[in-house]
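**Student:** next come a sequence and a model predicted from it.
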Amino acid sequence: EAQVTQNPRYLITVTGKKLTVTCSQNMNHEYMSWYRQDPGLGLRQIYYSMNVEVTDKGDVPEGYKVSRKEKRNFPLILESPSPNQTSLYFCASSFRVSGANVLTFGAGSRLTVL
Amino acid sequence: AQTVTQSQPEMSVQEAETVTLSCTYDTSESDYYLFWYKQPPSRQMILVIRQEAYKQQNATENRFSVNFQKAAKSFSLKISDSQLGDAAMYFCASHFQGGSEKLVFGKGTKLTVNP
């Protein structure tokens, strides 16, 4: 089954404790991205990757890091989490359909930073 | 800046009736794509329908259709014969060509379906 898998689905952590949210896709998509969803703000892009070893900042990159060492994996790293990073996080991979960038989303990771 | 605006934070509809969710966007580009995503209580983001801006014909997917008004920069979603399973957050989004390949999302409309 074609899918994007992200883990953990739920995580409660404390300020300053490094954590990684993993993301893996089995569709051989070149493009992957991370979004965060906050009430009243919709989804905002954190980072994206056009291919292996090619990453760039989205709209809200502060406090996050990413890496793309393999095509299928795109982990999101919070080196020193803070309470304002409490959010719902989505990983997505995508391909072009008639020029449109069609995203397939993971199931989401609910992160709480105390 | 490219923006997507959903002016209705919440909407409700009776089961079996029709509801229209509004979306407007702002861009100076001529080539772009528009989407509606559904987010049920499971939080999964599900693509409902997409529209290429260069196509004049409105997209349709079963009970879901759009009214795309390019000059007015409007992209509304019509749900016909509403079902209880349609209850969800609906997000309008746009892929503007070039740059980061990102989707720009609206803030969402929460749809309630009353039995």
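**Tutor:** Sure, I can see it. Predicted model, so just to flag it, every value in this text is computed and none were measured. Numbering: from 1, shown residues only, chains lettered A, B, ... in the order given.

**Student:** beyond the worst-scoring helix or strand of chain A on mean pLDDT, next helix or strand please.
**Tutor:** In chain A, the helix or strand scored least confidently by mean pLDDT, DSSP states H and E is strand A:100-105, which has a mean of 85. Using DSSP states H and E, the helix or strand that follows strand A:100-105 towards the C-terminus is strand A:109-113.

**Student:** using PDB, write out every CA atom in that next one.
**Tutor:** Extracted in PDB, the C-alpha atoms of strand A:109-113 (Å, rounded to 0.1, in the frame of the first residue of the first chain):
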ATOM      1  CA  SER A 109       2.300  13.400  14.900                       C
ATOM      2  CA  ARG A 110       0.800  15.200  17.900                       C
ATOM      3  CA  LEU A 111       3.700  16.800  19.900                       C
ATOM      4  CA  THR A 112       3.400  18.400  23.300                       C
ATOM      5  CA  VAL A 113       6.400  20.200  24.800                       C
END
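
**Student:** would you tell me which residues of chain B are close to chain A?
**Tutor:** For chain B, the contact set with chain A under C-beta under 8 Å from any C-beta of the partner chain comprises B:4, B:31, B:33, B:35, B:42-45, B:47, B:50, B:52, B:91, B:93, B:95, B:97, B:100-103, B:105-108. For every residue, glycine as well, the C-beta is placed using N, CA and C.

**Student:** so of the residues you listed, which ones are in strands?
**Tutor:** Judged by DSSP state E, strands contain the following of these: B:4, B:33, B:35, B:47, B:50, B:52, B:91, B:93, B:95, B:103, B:105.

**Student:** doesn't residue B:39 make contact with the fourth one?
**Tutor:** Think residue B:47. No - judged on C-beta atoms under 8 Å, residue B:47 makes no contact with residue B:39 at a distance of 11.0 Å.

**Student:** so for those two, which residue has more residues nearby?
**Tutor:** Between residue B:47 and residue B:39, residue B:39 has the larger neighbour count (other C-beta atoms under 10 Å in any protein chain shown), namely 21 against 15.
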